[in-house]
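Chemist: My questions concern the predicted model and sequence given below.
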Amino acid sequence: MSLQLRLFGGNSDAGELTASNDGGHAIDKSKVLASTDASVITPLNPGNFSSIRSVPLVPAPRYFTKEEADAMKDLAKEKIDGAKPSKRAYEALAKVEEPDAKVHRHHRKYEGVVADNELGKKRSYTLLAKHLHSLRPGYARLGLGIDKADSDARTRIDEIKAKLTVGAN
């Protein structure tokens, strides 16, 4: 199998690389880029661009009556008074969003450290596995040595038995 197929995928038969060690991934881009809330503002969800308009636009120059002017003045005072707590509320909302974002950043940084350390642990496992494989020929030599010693002993025992059996007859 070509190196490219082994690294980036292909048929997985016995003895070949599997999905767990071929450099593949399970990172779903749509999950990574998913909004934290369905109504959050993103390029894919730019919001509704709604606006506040307390009074309709005056399309052309005109004269207002005294009653209209007094009503507009009262409305203006009401809106000015309402704008101050609205401003404070939006500032507070922004102050809540900022630590939320910090917590997200710190949590994701922590997860990155966990992922880095997991890879480090797997590297150490791999080093041990490679070292153990390098010991196999030594163990094979030891095993063959024991087999040879057993065979030599059986041969000697058989020779002794043959001498004793020939001598007893």
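Modeler: Yep, that arrived. Numbers count the residues shown, from 1 in each chain.
Chemist: Helix, strand, or coil at the residue positioned nearest the centre of the chain?
Modeler: Per CA atoms, centre = their mean, the C-alpha nearest to the average position across the chain is that of residue 27, at 6.5 Å. Classification of residue 27 into helix, strand or coil gives coil, according to DSSP: H, G, I helix; E, B strand; the rest coil.
Chemist: For it, give its distance to residue 37.
Modeler: As defined by CB to CB, to the nearest Å, residue 27 lies at a distance of 22 Å from residue 37. In this view, the C-beta of every residue, glycine as well, is placed from N, C-alpha and C.
Chemist: still on that earlier bit, who touches the residue nearest to the centre of the chain in this structure?
Modeler: Shown in contact with residue 27 (CB atoms under 8 Å, 6 or more residues apart in numbering): no residues.
Chemist: Can you read off the pLDDT for it?
Modeler: Looking at residue 27, its pLDDT is 86.
Chemist: Same question for residue 75.
Modeler: In this prediction residue 75 is given a pLDDT of 96.
Chemist: try residue 21
Modeler: In this model, residue 21 carries a pLDDT of 67.
Chemist: Kindly report the same for the one 10 residues further on.
Modeler: In this model, residue 31 is scored at 88, pLDDT.
Chemist: any weak-confidence spans in the protein?
Modeler: Scanning the chain for pLDDT under 70 picks out the ranges 1-21, 167-169.
Chemist: could you pull out the helices for it?
Modeler: Residue ranges of the helices in the chain, as given by DSSP state H, are 3-8, 29-32, 66-168.
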